[in-house]
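A.B. asks: Turn this into a structure:
(one chain, ligands or ions: 1)
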Amino acid sequence: VLVAALFLTACSSGGTSTKTGSGNESSGKGKRTLRISMGVNEESPSYAGAVKFKEIVESKTDDFNIEIYHSSQLADDRGAIEMLQLGTLEMVIPSTSPVVNFIPEFGVFDLPFTITNEETADKVLDGPFGDKMLGLLAAQDLVGLAWWENGFRNLTNSKHPVETVEDLKGLKIRTMENEIHLDLWKSLGANPTPMAFGELFVSLQQGVIDGQENPYASIYQSKFYEVQKYVSDTNHVYTPFLLLLSKKVWDELTPEQQVILKEAGVEAGKYNRQVNREDNAESLEKLKETLTFSEISPEELERFKQLAQPTIEKYKDKIGAGIVDEYMKEIAK
Ligand code: TK8
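C.D. replies: Residues are numbered from 1 along each chain as shown. Model (predicted):
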(Lines give C-alpha, C1' and ligand atoms only; values in the text may rest on other atoms or scores of the structure.)
Protein backbone atom coordinates (compact mmCIF):
# COMPACT_ATOMS: atom_id res chain seq x y z
CA VAL A 1 0.00 0.00 0.00
CA LEU A 2 2.77 2.42 0.92
CA VAL A 3 4.64 1.75 -2.32
CA ALA A 4 1.49 2.37 -4.35
CA ALA A 5 0.86 5.62 -2.51
CA LEU A 6 4.40 6.85 -3.04
CA PHE A 7 4.09 6.05 -6.71
CA LEU A 8 0.91 8.10 -6.91
CA THR A 9 2.69 10.96 -5.19
CA ALA A 10 5.48 10.85 -7.72
CA CYS A 11 2.96 10.94 -10.55
CA SER A 12 1.05 13.88 -9.18
CA SER A 13 4.00 15.92 -8.02
CA GLY A 14 4.15 17.75 -11.34
CA GLY A 15 1.60 20.13 -9.98
CA THR A 16 3.12 20.72 -6.60
CA SER A 17 5.42 23.54 -7.61
CA THR A 18 2.61 25.81 -8.71
CA LYS A 19 1.56 27.99 -5.83
CA THR A 20 -0.49 30.85 -7.12
CA GLY A 21 -4.12 30.83 -7.97
CA SER A 22 -3.84 33.54 -10.57
CA GLY A 23 -3.26 31.32 -13.57
CA ASN A 24 -6.35 30.09 -15.34
CA GLU A 25 -4.95 26.81 -16.56
CA SER A 26 -7.80 24.79 -17.89
CA SER A 27 -5.76 21.80 -18.98
CA GLY A 28 -5.27 20.56 -15.45
CA LYS A 29 -1.57 21.23 -15.75
CA GLY A 30 -0.28 23.33 -12.91
CA LYS A 31 -3.15 22.26 -10.70
CA ARG A 32 -2.19 20.96 -7.34
CA THR A 33 -3.54 17.49 -6.63
CA LEU A 34 -5.06 16.94 -3.22
CA ARG A 35 -5.69 13.27 -2.50
CA ILE A 36 -8.15 12.59 0.33
CA SER A 37 -7.76 9.22 2.04
CA MET A 38 -10.43 7.56 4.17
CA GLY A 39 -10.88 4.13 5.72
CA VAL A 40 -14.62 3.90 5.16
CA ASN A 41 -16.17 3.06 1.78
CA GLU A 42 -17.97 5.02 -0.92
CA GLU A 43 -21.37 4.57 0.76
CA SER A 44 -20.19 6.47 3.82
CA PRO A 45 -21.09 9.97 4.99
CA SER A 46 -17.34 10.69 4.83
CA TYR A 47 -17.33 9.95 1.13
CA ALA A 48 -20.42 12.12 0.62
CA GLY A 49 -18.71 14.89 2.57
CA ALA A 50 -15.52 14.57 0.53
CA VAL A 51 -17.51 14.86 -2.71
CA LYS A 52 -19.16 17.97 -1.31
CA PHE A 53 -15.75 19.36 -0.33
CA LYS A 54 -14.47 18.77 -3.85
CA GLU A 55 -17.51 20.49 -5.37
CA ILE A 56 -17.19 23.53 -3.13
CA VAL A 57 -13.46 23.92 -3.70
CA GLU A 58 -13.75 23.42 -7.44
CA SER A 59 -16.57 25.96 -7.64
CA LYS A 60 -14.27 28.57 -6.12
CA THR A 61 -10.92 27.93 -7.75
CA ASP A 62 -9.23 26.02 -10.55
CA ASP A 63 -6.10 25.59 -8.47
CA PHE A 64 -6.84 22.10 -7.19
CA ASN A 65 -7.52 18.69 -8.51
CA ILE A 66 -9.20 16.75 -5.70
CA GLU A 67 -9.09 12.96 -5.72
CA ILE A 68 -10.97 10.81 -3.22
CA TYR A 69 -9.64 7.41 -2.12
CA HIS A 70 -12.01 5.36 0.04
CA SER A 71 -11.72 1.96 1.79
CA SER A 72 -8.11 2.42 2.99
CA GLN A 73 -6.91 2.20 -0.64
CA LEU A 74 -4.00 4.51 0.11
CA ALA A 75 -3.48 3.82 3.81
CA ASP A 76 -5.27 3.21 7.07
CA ASP A 77 -5.85 6.10 9.48
CA ARG A 78 -2.54 5.82 11.26
CA GLY A 79 -0.43 5.25 8.16
CA ALA A 80 -2.15 8.12 6.38
CA ILE A 81 -1.43 10.49 9.25
CA GLU A 82 2.27 9.57 9.04
CA MET A 83 2.20 10.23 5.30
CA LEU A 84 0.68 13.67 5.89
CA GLN A 85 3.50 14.45 8.31
CA LEU A 86 6.02 13.53 5.61
CA GLY A 87 4.08 15.37 2.91
CA THR A 88 3.65 12.20 0.83
CA LEU A 89 -0.14 12.39 1.12
CA GLU A 90 -2.20 15.59 1.22
CA MET A 91 -5.41 14.83 3.15
CA VAL A 92 -7.09 12.23 5.33
CA ILE A 93 -10.36 11.91 7.26
CA PRO A 94 -9.33 9.87 10.32
CA SER A 95 -11.12 9.14 13.56
CA THR A 96 -9.62 11.14 16.40
CA SER A 97 -8.68 7.91 18.22
CA PRO A 98 -5.56 7.05 16.15
CA VAL A 99 -4.49 10.70 16.40
CA VAL A 100 -3.92 10.06 20.12
CA ASN A 101 -0.75 8.17 19.16
CA PHE A 102 0.61 11.51 17.96
CA ILE A 103 -1.16 14.01 20.23
CA PRO A 104 -2.21 12.59 23.64
CA GLU A 105 -4.69 15.42 24.27
CA PHE A 106 -7.01 13.99 21.61
CA GLY A 107 -7.68 11.17 24.08
CA VAL A 108 -10.39 13.30 25.70
CA PHE A 109 -12.77 12.11 23.00
CA ASP A 110 -12.05 8.46 23.86
CA LEU A 111 -13.13 8.85 27.48
CA PRO A 112 -16.23 6.65 27.61
CA PHE A 113 -19.71 7.95 28.39
CA THR A 114 -18.65 11.61 28.31
CA ILE A 115 -20.35 12.97 25.18
CA THR A 116 -23.70 11.20 25.10
CA ASN A 117 -25.79 13.14 22.59
CA GLU A 118 -25.38 15.03 19.33
CA GLU A 119 -26.18 18.42 20.83
CA THR A 120 -23.29 18.08 23.26
CA ALA A 121 -20.96 16.89 20.50
CA ASP A 122 -21.74 19.96 18.40
CA LYS A 123 -21.33 22.30 21.36
CA VAL A 124 -17.93 20.88 22.32
CA LEU A 125 -16.53 20.68 18.78
CA ASP A 126 -17.94 23.87 17.28
CA GLY A 127 -16.87 26.12 20.15
CA PRO A 128 -13.54 27.36 21.51
CA PHE A 129 -12.63 23.91 22.88
CA GLY A 130 -12.86 22.38 19.41
CA ASP A 131 -10.76 25.22 17.96
CA LYS A 132 -8.15 24.73 20.61
CA MET A 133 -7.89 21.03 19.83
CA LEU A 134 -7.49 21.74 16.11
CA GLY A 135 -4.70 24.15 17.06
CA LEU A 136 -2.72 21.32 18.68
CA LEU A 137 -2.31 19.56 15.34
CA ALA A 138 0.26 22.00 13.91
CA ALA A 139 2.97 20.78 16.28
CA GLN A 140 2.68 17.38 14.58
CA ASP A 141 2.83 18.86 11.06
CA LEU A 142 -0.91 18.49 10.60
CA VAL A 143 -3.57 21.06 9.83
CA GLY A 144 -7.10 20.43 11.10
CA LEU A 145 -9.52 22.02 8.65
CA ALA A 146 -12.72 20.91 10.33
CA TRP A 147 -14.62 18.51 12.56
CA TRP A 148 -16.60 15.91 10.70
CA GLU A 149 -18.51 13.07 12.32
CA ASN A 150 -18.01 9.37 12.81
CA GLY A 151 -20.50 9.18 15.68
CA PHE A 152 -21.74 7.13 18.62
CA ARG A 153 -20.24 3.68 18.74
CA ASN A 154 -22.18 0.50 19.33
CA LEU A 155 -21.11 -3.10 19.83
CA THR A 156 -21.72 -6.02 17.50
CA ASN A 157 -20.62 -9.63 17.91
CA SER A 158 -21.11 -13.13 16.56
CA LYS A 159 -21.47 -15.07 19.84
CA HIS A 160 -24.50 -14.04 21.89
CA PRO A 161 -26.62 -11.02 22.81
CA VAL A 162 -24.78 -8.50 24.98
CA GLU A 163 -27.11 -6.93 27.53
CA THR A 164 -25.02 -7.02 30.70
CA VAL A 165 -21.39 -6.56 31.68
CA GLU A 166 -21.18 -10.33 32.25
CA ASP A 167 -22.08 -10.94 28.60
CA LEU A 168 -18.79 -9.29 27.60
CA LYS A 169 -16.68 -11.82 29.43
CA GLY A 170 -13.93 -13.14 27.17
CA LEU A 171 -15.44 -11.69 23.97
CA LYS A 172 -12.68 -10.95 21.46
CA ILE A 173 -13.36 -7.40 20.44
CA ARG A 174 -11.47 -5.39 17.87
CA THR A 175 -10.68 -1.84 18.97
CA MET A 176 -9.16 1.08 17.14
CA GLU A 177 -5.44 1.56 17.64
CA ASN A 178 -5.88 3.45 20.88
CA GLU A 179 -4.92 2.39 24.40
CA ILE A 180 -7.88 4.03 26.11
CA HIS A 181 -10.26 1.86 24.12
CA LEU A 182 -8.14 -1.19 24.87
CA ASP A 183 -8.26 -0.50 28.59
CA LEU A 184 -11.96 0.23 28.55
CA TRP A 185 -12.82 -3.17 27.09
CA LYS A 186 -10.41 -4.91 29.42
CA SER A 187 -12.01 -3.26 32.41
CA LEU A 188 -15.40 -4.46 31.17
CA GLY A 189 -14.11 -8.04 31.06
CA ALA A 190 -13.72 -8.42 27.29
CA ASN A 191 -10.62 -9.53 25.40
CA PRO A 192 -9.75 -6.60 23.10
CA THR A 193 -7.28 -6.48 20.17
CA PRO A 194 -6.31 -3.30 18.31
CA MET A 195 -6.51 -3.48 14.53
CA ALA A 196 -6.73 -1.16 11.53
CA PHE A 197 -10.24 -0.69 10.17
CA GLY A 198 -9.27 -2.10 6.78
CA GLU A 199 -8.59 -5.53 8.28
CA LEU A 200 -11.77 -5.67 10.27
CA PHE A 201 -14.24 -7.30 7.88
CA VAL A 202 -11.97 -10.23 7.05
CA SER A 203 -11.05 -10.74 10.71
CA LEU A 204 -14.72 -10.93 11.67
CA GLN A 205 -15.42 -13.23 8.74
CA GLN A 206 -12.62 -15.60 9.65
CA GLY A 207 -13.59 -15.55 13.32
CA VAL A 208 -10.21 -14.20 14.41
CA ILE A 209 -12.30 -11.83 16.52
CA ASP A 210 -15.87 -12.07 17.78
CA GLY A 211 -16.95 -8.48 17.68
CA GLN A 212 -16.30 -4.83 16.99
CA GLU A 213 -17.79 -1.45 17.77
CA ASN A 214 -18.66 1.35 15.37
CA PRO A 215 -21.53 3.72 14.61
CA TYR A 216 -24.61 2.09 13.06
CA ALA A 217 -24.07 3.77 9.69
CA SER A 218 -20.58 2.34 9.49
CA ILE A 219 -21.68 -1.11 10.64
CA TYR A 220 -24.34 -1.19 7.95
CA GLN A 221 -22.36 0.39 5.13
CA SER A 222 -19.34 -1.85 5.82
CA LYS A 223 -21.66 -4.88 5.67
CA PHE A 224 -20.56 -6.15 9.07
CA TYR A 225 -24.07 -7.60 9.44
CA GLU A 226 -22.96 -10.34 7.04
CA VAL A 227 -20.41 -11.57 9.56
CA GLN A 228 -22.06 -10.59 12.88
CA LYS A 229 -25.25 -11.75 14.63
CA TYR A 230 -25.91 -9.38 17.54
CA VAL A 231 -25.90 -5.64 18.02
CA SER A 232 -26.16 -3.77 21.33
CA ASP A 233 -27.04 -0.13 21.84
CA THR A 234 -24.00 0.57 24.02
CA ASN A 235 -23.45 4.13 22.82
CA HIS A 236 -20.25 4.04 24.84
CA VAL A 237 -18.28 6.77 23.12
CA TYR A 238 -18.60 9.47 20.46
CA THR A 239 -15.83 9.56 17.84
CA PRO A 240 -15.35 12.70 15.79
CA PHE A 241 -13.76 12.53 12.35
CA LEU A 242 -11.19 15.17 11.43
CA LEU A 243 -10.55 16.67 8.02
CA LEU A 244 -6.76 16.85 8.05
CA LEU A 245 -4.26 18.34 5.63
CA SER A 246 -0.49 17.94 5.55
CA LYS A 247 1.13 21.04 7.06
CA LYS A 248 3.95 20.71 4.54
CA VAL A 249 1.36 21.13 1.80
CA TRP A 250 -0.56 23.83 3.65
CA ASP A 251 2.54 25.96 4.10
CA GLU A 252 3.03 26.03 0.34
CA LEU A 253 -0.45 27.39 -0.33
CA THR A 254 -1.41 31.04 -0.69
CA PRO A 255 -3.55 32.60 2.07
CA GLU A 256 -6.44 32.74 -0.42
CA GLN A 257 -6.14 29.03 -1.13
CA GLN A 258 -5.98 28.28 2.58
CA VAL A 259 -9.20 30.21 3.21
CA ILE A 260 -10.98 28.35 0.40
CA LEU A 261 -9.95 24.95 1.78
CA LYS A 262 -10.79 25.85 5.37
CA GLU A 263 -14.23 27.23 4.51
CA ALA A 264 -15.01 24.33 2.22
CA GLY A 265 -13.92 21.89 4.94
CA VAL A 266 -16.28 23.42 7.48
CA GLU A 267 -19.17 23.65 5.02
CA ALA A 268 -18.70 20.08 3.80
CA GLY A 269 -18.45 19.01 7.45
CA LYS A 270 -21.95 20.35 8.14
CA TYR A 271 -23.23 18.32 5.23
CA ASN A 272 -21.31 15.25 6.42
CA ARG A 273 -22.88 15.51 9.86
CA GLN A 274 -26.36 15.83 8.45
CA VAL A 275 -25.91 12.80 6.17
CA ASN A 276 -24.32 10.84 9.00
CA ARG A 277 -27.22 11.44 11.37
CA GLU A 278 -29.79 10.44 8.76
CA ASP A 279 -27.75 7.37 7.83
CA ASN A 280 -27.35 6.29 11.45
CA ALA A 281 -31.05 6.27 12.15
CA GLU A 282 -31.84 4.42 8.92
CA SER A 283 -28.97 2.00 9.34
CA LEU A 284 -30.15 0.84 12.75
CA GLU A 285 -33.53 -0.02 11.28
CA LYS A 286 -31.88 -1.97 8.46
CA LEU A 287 -29.52 -3.75 10.85
CA LYS A 288 -32.46 -4.94 12.92
CA GLU A 289 -33.60 -6.95 9.88
CA THR A 290 -30.57 -9.23 10.08
CA LEU A 291 -29.10 -8.78 13.57
CA THR A 292 -30.61 -9.38 16.99
CA PHE A 293 -30.84 -5.99 18.66
CA SER A 294 -30.35 -5.47 22.42
CA GLU A 295 -30.80 -2.36 24.50
CA ILE A 296 -28.76 -1.82 27.61
CA SER A 297 -31.05 -1.05 30.55
CA PRO A 298 -30.39 2.19 32.49
CA GLU A 299 -29.34 0.15 35.57
CA GLU A 300 -26.94 -1.93 33.54
CA LEU A 301 -25.54 1.18 31.84
CA GLU A 302 -24.66 2.48 35.30
CA ARG A 303 -22.59 -0.64 35.87
CA PHE A 304 -20.79 -0.11 32.54
CA LYS A 305 -20.06 3.46 33.57
CA GLN A 306 -18.77 2.51 37.00
CA LEU A 307 -16.42 -0.08 35.55
CA ALA A 308 -15.23 2.47 32.99
CA GLN A 309 -14.44 5.10 35.62
CA PRO A 310 -10.96 3.78 36.50
CA THR A 311 -9.99 4.05 32.80
CA ILE A 312 -10.97 7.72 32.88
CA GLU A 313 -8.93 8.26 36.05
CA LYS A 314 -5.99 6.33 34.66
CA TYR A 315 -5.70 8.43 31.51
CA LYS A 316 -6.32 11.82 33.08
CA ASP A 317 -2.62 12.52 33.49
CA LYS A 318 -1.58 11.05 30.18
CA ILE A 319 -4.10 13.16 28.31
CA GLY A 320 -3.45 16.16 30.54
CA ALA A 321 -5.54 16.87 33.61
CA GLY A 322 -6.07 20.48 32.47
CA ILE A 323 -7.51 19.56 29.09
CA VAL A 324 -9.70 16.82 30.60
CA ASP A 325 -11.16 19.36 33.05
CA GLU A 326 -11.79 21.82 30.25
CA TYR A 327 -13.49 19.11 28.21
CA MET A 328 -15.70 18.04 31.11
CA LYS A 329 -16.64 21.67 31.83
CA GLU A 330 -17.53 22.21 28.19
CA ILE A 331 -19.80 19.16 28.29
CA ALA A 332 -21.46 20.30 31.51
CA LYS A 333 -22.17 23.83 30.15
C1 TK8 B 1 -11.99 4.69 9.26
C2 TK8 B 1 -11.92 4.55 10.77
C3 TK8 B 1 -13.18 3.92 11.32
C4 TK8 B 1 -13.18 3.90 12.84
C5 TK8 B 1 -12.61 2.56 13.19
O6 TK8 B 1 -10.74 4.95 8.76
O7 TK8 B 1 -11.42 2.34 12.95
O8 TK8 B 1 -13.35 1.71 13.70
O9 TK8 B 1 -14.45 4.05 13.39
O10 TK8 B 1 -14.28 4.44 10.78
O11 TK8 B 1 -11.62 5.79 11.35
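A.B. asks: residues contacting Leu287?
C.D. replies: For Leu287, the contact set (C-beta atoms under 8 Å, 6 or more residues apart in numbering) comprises Tyr216, Ile219, Tyr220, Tyr225, Val231, Phe293. For every residue, glycine as well, the C-beta is placed using N, CA and C.
A.B. asks: can you do 7 Å?
C.D. replies: The contact partners of Leu287, by C-beta atoms under 7 Å, 6 or more residues apart in numbering, come to Tyr216, Ile219, Tyr220, Tyr225, Val231.
A.B. asks: Mind putting those into JSON lines with distance to the ligand and secondary structure?
C.D. replies: Converted to JSON lines, those look like this (distance: C-beta to the nearest ligand atom, whole Å; DSSP: H, G, I helix; E, B strand; the rest coil):
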{"residue": "Tyr216", "distance to the ligand": "12", "secondary structure": "helix"}
{"residue": "Ile219", "distance to the ligand": "10", "secondary structure": "helix"}
{"residue": "Tyr220", "distance to the ligand": "13", "secondary structure": "helix"}
{"residue": "Tyr225", "distance to the ligand": "16", "secondary structure": "helix"}
{"residue": "Val231", "distance to the ligand": "15", "secondary structure": "strand"}
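A.B. asks: Now which of those would you call buried?
C.D. replies: Buried by 16 or more other C-beta atoms under 10 Å: Tyr216, Ile219, Tyr220, Tyr225, Val231, out of the contacts of Leu287.
A.B. asks: For the ligand, what's its nearest residue on the protein.
C.D. replies: For the chain and the ligand, the shortest gap (C-beta to the nearest ligand atom) falls at Gly39, measuring 2.0 Å.
A.B. asks: correct me, but that residue touches Asp77?
C.D. replies: Yes - the criterion here is C-beta atoms under 7 Å, and Gly39 meets it with Asp77 at 5.7 Å.
A.B. asks: what's the overlap in contacts for the two?
C.D. replies: Common neighbours of Gly39 and Asp77, counting by C-beta under 7 Å, 6+ apart, are Phe197.
A.B. asks: Ile296: what secondary structure?
C.D. replies: Reduced to three states with DSSP: H, G, I helix; E, B strand; the rest coil, the structure at Ile296 is coil.
A.B. asks: Contacts only, for it.
C.D. replies: Shown in contact with Ile296 (C-beta under 7 Å, 6+ apart): Glu163, Ser232, Asp233, Thr234, Phe304.
A.B. asks: Report the separation between it and Asn191.
C.D. replies: From Ile296 over to Asn191 the distance is 20 Å, taken as C-beta to C-beta, to the nearest Å.
A.B. asks: Quick one, which of the contacts of Ile296 are buried?
C.D. replies: Ser232, Asp233, Thr234, Phe304.
A.B. asks: Can you name the residues that contact the last one?
C.D. replies: It stands for Phe304. Contact partners of Phe304, counting by C-beta under 7 Å, 6+ apart, are Val165, Leu188, His236, Ile296.
A.B. asks: can you check the second one too?
C.D. replies: For Asp233, the set of contacting residues under the criterion of C-beta under 7 Å, 6+ apart consists of Asn154, Ser294, Glu295, Ile296.
A.B. asks: Could you do the first one as well?
C.D. replies: Residues in contact with Ser232 (C-beta under 7 Å, 6+ apart) are Asn154, Leu155, Val162, Glu163, Ser294, Ile296.
A.B. asks: hang on, Glu149 is in a strand, isn't it?
C.D. replies: Yes - counting by three-state DSSP, Glu149 is located in a strand.
A.B. asks: what number of residues lie near it?
C.D. replies: Glu149 has 27 neighbours, counted by other C-beta atoms under 10 Å.
A.B. asks: Please look at it and Asn272 and confirm they touch.
C.D. replies: Yes - counting by C-beta under 7 Å, Glu149 does reach Asn272; the two are 6.1 Å apart.
A.B. asks: Which residue, neighbours along the chain excluded, lies closest to Leu291?
C.D. replies: Val231 (4.5 Å; C-beta to C-beta, 6 or more residues apart in numbering).
A.B. asks: Equivalent analysis for Asp122, please.
C.D. replies: Using C-beta to C-beta, 6+ apart and skipping the chain neighbours, the partner closest in space to Asp122 is Arg273 (7.9 Å).
A.B. asks: What is the neighbour count of the residue of the chain closest to the ligand?
C.D. replies: Residues near Gly39, counting by other C-beta under 10 Å, number 29.
A.B. asks: measure Tyr47 to Phe53 for me?
C.D. replies: 10 Å.
A.B. asks: higher neighbour count, these two?
C.D. replies: Phe53 (29 against 22).
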